[in-house]
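In: turn this into a structure:
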Amino acid sequence: MSSDDEAADDASPEEEQPPAGPLRQPIVAVLGHVDHGKTSLLDWVRGTAVVSREAGAITQHIGATEVPFETISDICGALLPEENIRLPGLLFIDTPGHHSFSTLRARGGQLADLAVLVVDIMEGFKPQTIESLQVLRRAQTPFILMLNKIDRLPGWRTHKGTFAANRQEQSQLAQEGLQERIWEIIRELGRHNFDSALYSEVEDFQKTIALVPTSVRDSGEGVPELFMLLMGLAQRYLEGRLALKEGVAEGTVLEVKEERGLGKTLGVIIYNGVLRASDTLVIGATPEPLVTRVRSLLQPRPLDEIRDPRQQFNTVTEVAAAAGLKVVAPNLEGAIAGAPFYGVPQGDDVAPVLERLSGEMESNVALEDRGLVVRADAIGSLEVLAYELQAAGAPIMRAAVGDVSRRDVRLAETAPAEQRAVLAFGVNVLPDARAALVESEAKLFEADVVYHLVEEYGEWLLELKREQARALREEFPHPGKIEFLEGHTFRTRDPAVFGVRVLAGRIMVGQKVLRADNHVIGRIRSMRSGEQGLKEATQGDEVAIAVTEATVGRQVNEGDILYIEMDERDVVRLRDENVKLTPDEEDVITELQRIKKAASPFWGR
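Out: Residues are numbered from 1 along each chain as shown. This is a model prediction of the structure:
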């Protein structure tokens, strides 16, 4: 799927030997930038109005939608030969974005078996598109790229059915516009080290990203090809992963939600085994995993949405993978979205499962003695955020799931200035932590999107370093080089007043002025620009300076190049303290060393 081996390994399924037993539905994640059509895809399939019922037409919660094989067969028609397909359907998790995808982990890897990355063909790649690509690469999740909204192409006339059939009926203008947009997407994917091609031109799906043009909101054009590819690729490359297994049920918590009449419930995905109403639940939670009993299992009907059902759930006694359902149970305080859970059969020992889950709840973030404090809403998102920060060179001192506490603030205060910060991703800040931050030197960053949080910290760090550099520069005399401007002698002596241009560095009132022959002509008494008195001037400024002890025509003349006298110890300290000098300032230091060489061969070294 990529132009380099690493990317190919990251994003490509490996063909496996088909298992003899039954298969579960592949779990498919839908990712992409907001408004590019993630929810519209499933909305079209379901024939419901989930999108219109949500604020701003943006997915607000994690959901799951089961699409049975019969429905997929109706959509695909002759594209999908029924006799060759063993999969019972597809189970879609419709996430609010790459963030939610990152939190949904299964034992040994990512929850999703496949993914659809949705891109608006008119808008192209957006920041969340790029981050979704990075998340898919890290998760090693194979994916198809859906080029949505082709109906917006100039001259394109969309119709229900296959893209291939409809394309043949388009005008030359529309076809050329489509091809141009496809090439733009191919080039953009290439910049991220992925090979890609229109799905009909792909020769090896293990190495090349398939692009499927669609119009899901208006007609569903292209959806048949998309579902054909999902079913075909899953069966060809993922059969071993999809084999149904017996024993302890394994799953992931999608959301923790208060339901009227039921209390706190879990929206979950089961990806392995069978969950029964008599099972004991072991659930990832903070501050530690919790153990409780199933009160009831509620399963939506096929083609109904877990988070937004149009009809009541069915109460069931057991549910086999892969499936989305609601679990009603007591004592769910502390359960977190994205965490793993297990259903232990009645009478079985819970201890081994509890130990296994405790290990899974530990993050794999490498910690340093000094660094940032990072909080996130789930292990998956914590590790994604930590990866991005550490890739940017930021050390992490503490990384944990849960709300920001006063202890986090106090710990952050012990870090060096550049890491004296708490980064909170999708979590709350407890009141005592807010109070501590009021008088603290620690900086708080909050966001629900990874790249926003990393960017905000990066911008703050850049400005902090600029301030530190400015403060450090103020501590030391800096090199300065000036030109006595022709025709700008205002007074010849007592003191000499003349106009200069600062060629490099900085000049300040009180500094001595040096000629190129190592002779000090006097000291700057004052400095003006027009009627305004100044204390300093920097490169590019033209000012009038008053120099004591100097007489124009004797010690100094119009057109002379002059320097600010520097103590040798100051030059050495500038180097020792790593004070950042401009290239022009470095040149002035070199010129000063040449001037001083006759009297002191190793001056300033």
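
In: what helix or strand does Arg138 sit in?
Out: Using DSSP states H and E, Arg138 sits in helix 127-139.

In: so where's the stretch 451-600 of the chain shaky on pLDDT?
Out: Segments of the stretch 451-600 of the chain classed as low confidence (criterion: pLDDT under 70) are 473.

In: lowest-scoring secondary structure element of the protein by mean pLDDT?
Out: Within the chain, confidence by mean pLDDT, DSSP states H and E is lowest for helix 5-11 among all helices and strands, at a mean of 44.

In: related to what we said a few turns ago, got the buried residues for the helix holding Arg138?
Out: Gln128, Thr129, Ile130, Glu131, Ser132, Leu133, Gln134, Val135, Leu136, Arg137, Arg138, Ala139 (16 or more other C-beta atoms under 10 Å). Where you see a C-beta, it was placed from the backbone N, CA and C, and this is true even at glycine.

In: as a markdown table, those residues with pLDDT and distance to Thr158 would be great.
Out: Supplementary listing: the buried residues of helix 127-139 in a markdown table, determined by pLDDT from 0 to 100; distance: C-beta to C-beta, whole Å:
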| residue | pLDDT | distance to Thr158 |
| --- | --- | --- |
| Gln128 | 80 | 25 |
| Thr129 | 88 | 22 |
| Ile130 | 87 | 27 |
| Glu131 | 80 | 29 |
| Ser132 | 84 | 25 |
| Leu133 | 88 | 27 |
| Gln134 | 83 | 32 |
| Val135 | 80 | 30 |
| Leu136 | 87 | 28 |
| Arg137 | 87 | 32 |
| Arg138 | 80 | 35 |
| Ala139 | 81 | 33 |
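
In: now the residues you listed in TSV, with distance to Arg594?
Out: Putting those into TSV (distance: C-beta to C-beta, whole Å) gives the following:
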residue	distance to Arg594
Gln128	55
Thr129	55
Ile130	50
Glu131	52
Ser132	57
Leu133	54
Gln134	51
Val135	56
Leu136	58
Arg137	53
Arg138	54
Ala139	59
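
In: which elements pack onto the helix holding Arg138?
Out: For helix 127-139, the elements it packs on are helix 5-11, strand 27-32, helix 98-103, strand 114-120, helix 379-391, helix 450-475, judged by 3 or more C-beta pairs under 8 Å, 6 or more residues apart in numbering; DSSP states H and E.

In: export the ones you listed as JSON lines, with columns for mean neighbour count and distance to Phe227.
Out: Rendered in JSON lines, the data for the helices and strands packed on helix 127-139 read as follows (neighbours: other C-beta atoms under 10 Å; distance: least, C-beta to C-beta, whole Å):
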{"stretch": "helix 5-11", "mean neighbour count": "17", "distance to Phe227": "20"}
{"stretch": "strand 27-32", "mean neighbour count": "27", "distance to Phe227": "10"}
{"stretch": "helix 98-103", "mean neighbour count": "28", "distance to Phe227": "20"}
{"stretch": "strand 114-120", "mean neighbour count": "24", "distance to Phe227": "10"}
{"stretch": "helix 379-391", "mean neighbour count": "22", "distance to Phe227": "27"}
{"stretch": "helix 450-475", "mean neighbour count": "14", "distance to Phe227": "30"}
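
In: what's the pLDDT at Thr71?
Out: Note for Thr71: predicted pLDDT of 85.

In: which secondary structure element contains it?
Out: Counting by DSSP H and E, the element that carries Thr71 is helix 69-76.

In: got it, and Thr265?
Out: With elements delineated by DSSP H and E, Thr265 resides in strand 263-272, which encompasses its position.

In: coming back round to it: can you lay out the helices and strands packed on helix 127-139 as CSV showing distance to Arg501?
Out: Rendered in CSV, the data for these read as follows (distance: least, C-beta to C-beta, whole Å):
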stretch, distance to Arg501
helix 5-11, 54
strand 27-32, 56
helix 98-103, 53
strand 114-120, 53
helix 379-391, 45
helix 450-475, 21
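
In: which one of those lies nearest to Val67?
Out: Shortest distance between Val67 and the helices and strands packed on helix 127-139, using C-beta to C-beta, is found for strand 27-32: 9.0 Å.

In: looking at it, Val384 is touching Leu453, isn't it?
Out: No: at 10.5 Å, Val384 does not count as touching Leu453 under the criterion of C-beta atoms under 8 Å.

In: which other helices and strands contact the very next helix or strand once past the helix holding Thr71?
Out: Reading on from helix 69-76 to the C-terminus, the next helix or strand found by DSSP H and E is strand 89-94. In terms of contact count using 3+ C-beta pairs under 8 Å, 6+ apart, strand 89-94 is assigned the packing partners strand 27-32, helix 38-46, strand 63-68, helix 69-76, helix 223-237, strand 323-328.

In: residues in contact with the residue nearest to the spatial centre of the chain?
Out: Centroid check for the chain by C-alpha atoms, centre = their mean gives Tyr451 as the closest residue, at 3.4 Å. With contacts defined as C-beta atoms under 8 Å, 6 or more residues apart in numbering, the neighbours of Tyr451 are Pro127, Gln128, Glu131, Glu388.

In: quick check: buried residues in the strand holding Thr265?
Out: Buried residues in strand 263-272, counting neighbours by 16+ other C-beta under 10 Å, are found at Thr265, Leu266, Gly267, Val268, Ile269, Ile270, Tyr271, Asn272.

In: which helices and strands sit right next to it?
Out: Where contact means 3+ C-beta pairs under 8 Å, 6+ apart, strand 263-272 is packed against strand 63-68, strand 249-259, strand 323-328, strand 340-344.
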